[in-house]
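>>> Okay, here's the prediction I keep looking at, along with the sequence it came from:
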Amino acid sequence: QVQLVESGGGLVQAGGSLRLSCAASGRTFSSSTMGWFRQAPGKERQFVATINWSGGSTHYADSVKGRFTISRDNAKNTVYLQMNSLKPEDTAVYYCAARKNSVVLTTTPGRYDYWGQGTQVTVSS
């Protein structure tokens, strides 16, 4: 079993930055593909970024490419999402997710095994 706890959300002005963290418990973190997703009110959960077990491979949604960076520290069982040049349309609840014992990246929510509770990000114009 893996538990994921996100932190770092908040209110920021357009153009600002935030760094989200996701702390994982359990022994499978270092062998898990990790992902960040977001969900705005009335919309479906949307892929944001994913990173492989070693951190050597990443993939981003086109809407955040060049502005967001996903990274991980396996020694700390933590995955991060650095968000720069934030826009009002980035406003959403952000979730981290883990796909255990995986060596591939995936953008599909249904392929992840564990989810955090989410952290709210609000970008004002």
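Sure thing, it's come through. Numbers count the residues shown, from 1 in each chain.
>>> Report the buried residues of stretch 88-105.
By 16 or more other CB atoms under 10 Å, the buried positions in stretch 88-105 come out as Asp90, Thr91, Ala92, Val93, Tyr94, Tyr95, Cys96, Ala97, Ala98, Arg99, Ser102, Leu105. In short, each C-beta sits where N, CA and C put it, glycine included.
>>> ok now do the residue nearest to Ser17 when sequence neighbours are not counted, which residues does it touch?
Once flanking residues are discounted, Ser17 sits nearest to Asn84: 4.7 Å by CB to CB, 6 or more residues apart in numbering. For Asn84, the contact set (CB atoms under 8 Å, 6 or more residues apart in numbering) comprises Ser17, Arg67, Phe68, Thr69.
>>> The buried residues of stretch 88-105 in strands, which ones?
Ala92, Val93, Tyr94, Tyr95, Cys96, Ala97, Ala98, Arg99 (DSSP state E).
>>> any chance of the residues you listed in JSON lines, plus distance to Met34?
Below are these laid out as JSON lines (distance: CB to CB, whole Å):
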{"residue": "Ala92", "distance to Met34": "18"}
{"residue": "Val93", "distance to Met34": "17"}
{"residue": "Tyr94", "distance to Met34": "13"}
{"residue": "Tyr95", "distance to Met34": "11"}
{"residue": "Cys96", "distance to Met34": "7"}
{"residue": "Ala97", "distance to Met34": "7"}
{"residue": "Ala98", "distance to Met34": "6"}
{"residue": "Arg99", "distance to Met34": "8"}
